[in-house]
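Asker: Sequence below, structure please.
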Amino acid sequence: MVFGLPSYDEKFSYLEQRVDALKTNRTGDERQTDGEVFDRKTLMTLYDFMKGGFIDTVQYPISTGKEGNVFFATDPDGEPLALKIFRTSTSTFKNVGRYIEGDPRFKGVGGNRWKLIYAWTNKEFKNLKRYADAGLPVPEPVTFDKNCLLMEYIGDESGPAPQLKDVALDDPTEMYDEVLSFIIDGWRDARLVHGDLSEYNVLVWDGQPILIDCGQAMANDFFNAKDLLARDIANVNRFFRNRGADVIDPDKIMDETLNGSDDEEEDEDV
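Answerer: Predicted structure coming up:
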């Protein structure tokens, strides 16, 4: 499937034809998922991205998640981008509602399914930006509108970067330390807790881990942020222990995250 930029009068028929092309030779379940992703409002949002000069084509799906699908796209210069489209179905609404309504940054947003999903897109964009501004490796956010989020593509022409779960690790302990920094630096520098950190939400590219799927991340002053923090620590330790890494006691990780390391305290005393 490739979306090009038609004249304004042709926008609906052109985009709908391209969506129909995507559904060709796909299973019934896949066609149903495509129908949930490419509703009429979403097609108009993609068209606005084209008019705004953000994208030139949307080509093929990269991944399918619980709340949305990610597609390979290109900008007008032919450079690759990742386009994440959040589904607007009732099931998605139920999944994201608790993370929006409980986030102090989005007070007053609730009740309406569309508003919640649009707020979720906004939330992932803002979380990615906070992580990036704090120096954590995440896909660079480009723009968002309604249920569509445009960001940096991690991968090359042969395909997207693999998830951590699918990567053979030469040095599991070194990779563990780097992923652990997502938790500690995320909390202390970005003031966020990911809340769903696992081998499924980390990509590995050029030997380096990259944090993804940040929509559910909460501000670290969220009422149960410490519970989410403990869950992230447990998930990361479980995975890397099974891969043979030298893992750190979760209580020690929690203490360093919340209170800083002994080395930092010594530096402050100097």
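
Asker: going forward, measure contacts between C-alpha atoms and count neighbours the same way
Answerer: Fine.

Asker: Can you pull up the most central residue in the protein?
Answerer: The geometric centre of the chain, computed from its C-alpha atoms, lies nearest to D213 (C-alpha atoms, centre = their mean), at 2.4 Å.

Asker: Now that residue: closest residue in space, sequence neighbours ignored.
Answerer: The spatial neighbour of D213 that comes closest, neighbours along the chain excluded (C-alpha to C-alpha, 6 or more residues apart in numbering), is N201 at 6.0 Å.

Asker: Tell me where the protein has strands.
Answerer: Residue ranges of the strands in the chain, as given by DSSP state E, are 57-64, 68-74, 80-86, 141-145, 148-152, 155-156, 159-160, 192-193, 202-205, 208-211, 218-219.

Asker: For the first one, C-alpha coordinates in PDB please.
Answerer: In this case it means strand 57-64. Provided in PDB are the C-alpha atoms of strand 57-64 (Å, rounded to 0.1, in the frame of the first residue of the first chain):
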ATOM      1  CA  THR A  57       3.800   7.700   1.500                       C
ATOM      2  CA  VAL A  58       2.500   5.100   3.900                       C
ATOM      3  CA  GLN A  59       3.600   1.700   2.700                       C
ATOM      4  CA  TYR A  60       3.300  -1.400   4.900                       C
ATOM      5  CA  PRO A  61       2.700  -2.500   8.500                       C
ATOM      6  CA  ILE A  62       5.800  -2.900  10.800                       C
ATOM      7  CA  SER A  63       4.100  -4.200  13.900                       C
ATOM      8  CA  THR A  64       0.700  -4.700  15.500                       C
END
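
Asker: Number the chain from 646, please
Answerer: Got it, the first residue is 646 from now on, which makes the last one we talked about strand 702-709.

Asker: ok, now how distant is the residue nearest to the centre of the chain from D900?
Answerer: Per C-alpha to C-alpha, to the nearest Å, D858 is found 25 Å from D900.

Asker: same thing with G889?
Answerer: With distances defined as C-alpha to C-alpha, the gap from G889 to D900 amounts to 24 Å.

Asker: again with T818
Answerer: Here the criterion is C-alpha to C-alpha. By it, T818 lies 20 Å from D900.

Asker: Between the two, which is the more surrounded one?
Answerer: The residue with more neighbours, out of T818 and D900 and counting by other C-alpha atoms under 10 Å, is T818; that gives 17 against 12.

Asker: Quick one: residues contacting that one.
Answerer: When contacts are counted by C-alpha atoms under 8 Å, 6 or more residues apart in numbering, T818 touches 885, 889-892.

Asker: Read off the pLDDT value for D851.
Answerer: According to the per-residue confidence, D851 scores 96 in pLDDT.

Asker: How about the contacts made by the closest residue to D834 other than its chain neighbours?
Answerer: Once flanking residues are discounted, D834 sits nearest to A779: 5.5 Å by C-alpha to C-alpha, 6+ apart. The contact partners of A779, by C-alpha under 8 Å, 6+ apart, come to 830-831, 834-835.

Asker: Burial check on I700, number of neighbours?
Answerer: Applying other C-alpha under 10 Å, we find 26 other residues in the vicinity of I700.

Asker: Excluding covalently adjacent residues, which one is nearest to it?
Answerer: With C-alpha to C-alpha, 6+ apart as the measure, D720 is the residue that lies nearest to I700, at 4.1 Å, once sequence neighbours are left out.

Asker: and the closest residue to K871 other than its chain neighbours, what are its phi and psi?
Answerer: In space, not counting the residues next to it along the chain, K871 is nearest to N865; the distance is 7.7 Å by C-alpha to C-alpha, 6+ apart. As for N865, its main-chain torsions (degrees, to the nearest 10) stand at phi -70, psi 0.
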